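Colleague: Need coordinates for the below:
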Amino acid sequence: MTFADNPQRATKPLRVLHLYSGNMFGGIETILSTLAHRRATAPDMEPEFAVCFSGRLSDQLSEAGCIVHNLGQMRVSRPWTIIRAQHRLARLLSDQHFDLAVTHACWIHALLGGAVQRRLPVIFWGHDINYGEHWIEKWAARIQPCGVIANSESTQASIQEHLFRTIPSNVLYCPIERPPAINQQRREILRREFGASDETFVIIQAGRLEGYKGLHIHLDALASLPQSRSWQSWIVGGAQRDAERQYLSELKKLVERRGLSARVRFLGQRTDVASILQAGDAFCHPNVRAEPFGIVFIEALFAGLPIVATNLGGAKEIVTNDCGILVAPNDAEALAGALRHLLDDRNRRRELGANGPGRAAELCDVNAQMLSLENILRAASLSNRKELLHA
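Modeller: Here you go, the predicted model:
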């Protein structure tokens, strides 16, 4: 069951309040930034944002000309900060009119969803695979939204199993802007910056430095590639938490043990990821646990890179035989074989790469997805209004 089967034409702009923490930067933050910067694509939808932390996300939302409400930092270890944020949110909802609110991910839904629910219809936007084990998931499951948006079929299935079994839901792939193409000169400059020649086969993995993303499997696979050939691996992403800093330290030690120090580059946090992807030759992302969606897969496809990934979660929905290669999880040997195939067959990797932008647009065209989001939210608002009238 979905909300958006029979979208109705807008009679007035739909005012939507998006709630999120905003203390780091990753996939959810990228989506929220896109909603802000591309809101003109869906002019009948007026987004505002409520966040708990100032930083890169709030800056980008403000730069896009959107209203950003700061609810103050919330920490579970300091319950009074949660109560304070709930009171600030209650005042905001009393002072201003919104048609509905969207809570992004379990943490914000658990801590603020109840405060919103007493005043507005709430849509839960799921961005993570849920396993029903963490206390925050159990807490979030107690606050039933009027509808669910899931960023993939895999996420939707996990929400239906562990969070909201009977709530109407829609799968909405993330709206993603295709970045401008870099010219050949810029590509050459980037490659030279990291020590790669025109003939070097450059493999890229980009994203958060979290163990489930399989960077250690990536490095194990690299150790099996022929040392006589010219190839490199660029790891793009900075550590944002203590656990990520520990994982990065372990990865660097693994690079030394595997004798890969001359071939692996840790590029850290970058703001030019789209350009770096276009300077590479292949994208590798061997998750050991399902990726909920994987915006970075779409970004790599837009960059014209063939993808080698694990046959799990979002990757299984995104990557086809026409644009990449899927391998079993935790199988460094199979991963190495796929990378070796692309290293040896330049024509094949160019063929797969050429199909990438079309596949990315098919799934995540920003114009189409923004309008789909508007239809979903408006249908949810109308449905809730009818329920109130008949109550």
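Colleague: Phe25 - that's part of a strand, no?
Modeller: No - judged by DSSP: H, G, I helix; E, B strand; the rest coil, Phe25 forms no part of a strand; its state is coil.
Colleague: residue contacts, it?
Modeller: Gly55, Arg56, Leu57, Gln240 (Cβ atoms under 8 Å, 6 or more residues apart in numbering). The way it works is simple: take the backbone N, C-alpha and C, and place the C-beta from them, glycine included.
Colleague: Hmm, the first one is touching Glu29, no?
Modeller: When you say that, I think you mean Gly55. No - with contact defined as Cβ atoms under 8 Å, Gly55 does not reach Glu29; the gap is 9.2 Å.
Colleague: So those two - more neighbours on which side?
Modeller: Glu29 (22 against 13; other Cβ atoms under 10 Å).
Colleague: how close does the more buried one get to Asn321?
Modeller: Glu29 sits at a distance of 32 Å from Asn321 (criterion: Cβ to Cβ, to the nearest Å).
Colleague: now do Ser169
Modeller: Distance, Ser169 to Asn321, by Cβ to Cβ: 29 Å.
Colleague: For those two, indicate the residue with more neighbours.
Modeller: Neighbours per residue, other Cβ under 10 Å: of Ser169 and Asn321, the larger number sits with Ser169, 24 against 9.
Colleague: Name the SS class of the residue lying closest to that one once chain neighbours are set aside, please.
Modeller: Using Cβ to Cβ, 6 or more residues apart in numbering and skipping the chain neighbours, the partner closest in space to Ser169 is Val148 (3.8 Å). The three-state assignment at Val148 reads strand, by three-state DSSP.
Colleague: Val148 against Thr166, yeah?
Modeller: No - Val148 is beyond contact range of Thr166, at 10.4 Å (criterion: Cβ under 8 Å).
Colleague: Quick one: the strands in the stretch 51-200 of the chain, in order.
Modeller: 68-70, 100-104, 122-126, 147-150, 169-171 (DSSP state E, counting those that start in this stretch).
Colleague: Dump those into a markdown table; add distance to Val51 and mean pLDDT as well.
Modeller: Formatted as a markdown table, those follow (distance: least, Cβ to Cβ, whole Å; pLDDT from 0 to 100):
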| stretch | distance to Val51 | mean pLDDT |
| --- | --- | --- |
| strand 68-70 | 6 | 97 |
| strand 100-104 | 10 | 97 |
| strand 122-126 | 15 | 97 |
| strand 147-150 | 19 | 96 |
| strand 169-171 | 24 | 96 |
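Colleague: thinking again about what came up before, which one of the contacts of Phe25 has the most neighbours?
Modeller: Most neighbours among these, by other Cβ under 10 Å: Leu57, with 25 neighbours.
Colleague: ok, so what distance separates it from Ile217?
Modeller: Separation of Leu57 from Ile217 (Cβ to Cβ): 30 Å.
Colleague: now do Val308
Modeller: Val308 is 11 Å from Ile217, where distance means Cβ to Cβ.
Colleague: now do Arg38
Modeller: As for Arg38, its distance to Ile217 is 35 Å (criterion: Cβ to Cβ).
Colleague: Which of these two has more residues huddled nearby?
Modeller: Ile217 (23 against 17).
Colleague: three-state assignment of that one?
Modeller: Applying three-state DSSP: Ile217 is helix.
Colleague: Setting aside sequence neighbours, what's the nearest residue to it?
Modeller: Pro286 (4.5 Å).
Colleague: Next, that neighbour: phi, psi?
Modeller: phi -90, psi 70 (degrees, to the nearest 10).
Colleague: List the residues that contact it.
Modeller: Taking Cβ under 8 Å, 6+ apart, we find Pro286 in contact with Gly214, Ile217, His218, Ala221, Val308, Ala309, Thr310, Val327, Pro329, Leu335.
Colleague: Mind putting these into JSON lines with distance to Glu291 and pLDDT?
Modeller: Shown next, in JSON lines, are the contacts of Pro286 (distance: Cβ to Cβ, whole Å; pLDDT from 0 to 100):
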{"residue": "Gly214", "distance to Glu291": "10", "pLDDT": "96"}
{"residue": "Ile217", "distance to Glu291": "13", "pLDDT": "97"}
{"residue": "His218", "distance to Glu291": "14", "pLDDT": "98"}
{"residue": "Ala221", "distance to Glu291": "18", "pLDDT": "97"}
{"residue": "Val308", "distance to Glu291": "14", "pLDDT": "98"}
{"residue": "Ala309", "distance to Glu291": "8", "pLDDT": "98"}
{"residue": "Thr310", "distance to Glu291": "8", "pLDDT": "97"}
{"residue": "Val327", "distance to Glu291": "14", "pLDDT": "98"}
{"residue": "Pro329", "distance to Glu291": "11", "pLDDT": "96"}
{"residue": "Leu335", "distance to Glu291": "15", "pLDDT": "98"}
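Colleague: From those, which land in helices?
Modeller: Of the contacts of Pro286, the ones assigned to helices by DSSP state H are Ile217, His218, Ala221, Leu335.
Colleague: which among the residues you listed gets closest to Glu188?
Modeller: Proximity of the ones in helices among the contacts of Pro286 to Glu188 (Cβ to Cβ) peaks at His218, which lies at 25.2 Å.
Colleague: if we can go back for a sec, identify the contacts common to Val308 and Ile217.
Modeller: Residues touching both Val308 and Ile217 (Cβ under 8 Å, 6+ apart): Pro286, Leu335.
Colleague: Pull up the overlap in contacts between Gly55 and Glu29.
Modeller: In contact with both Gly55 and Glu29: Gly22, using Cβ under 8 Å, 6+ apart.
Colleague: where do the helices sit along the stretch 151-300 of the chain?
Modeller: 153-162, 184-193, 215-222, 242-257, 273-278, 295-302 (DSSP state H, counting those that start in this stretch).
Colleague: Can you give the contact residues for the first one?
Modeller: In this case it means helix 153-162. Helix 153-162 has contacts (Cβ under 8 Å, 6+ apart) with 124, 126-132, 137, 141, 148, 150, 169, 171, 290, 292-293, 312-314, 316-317.
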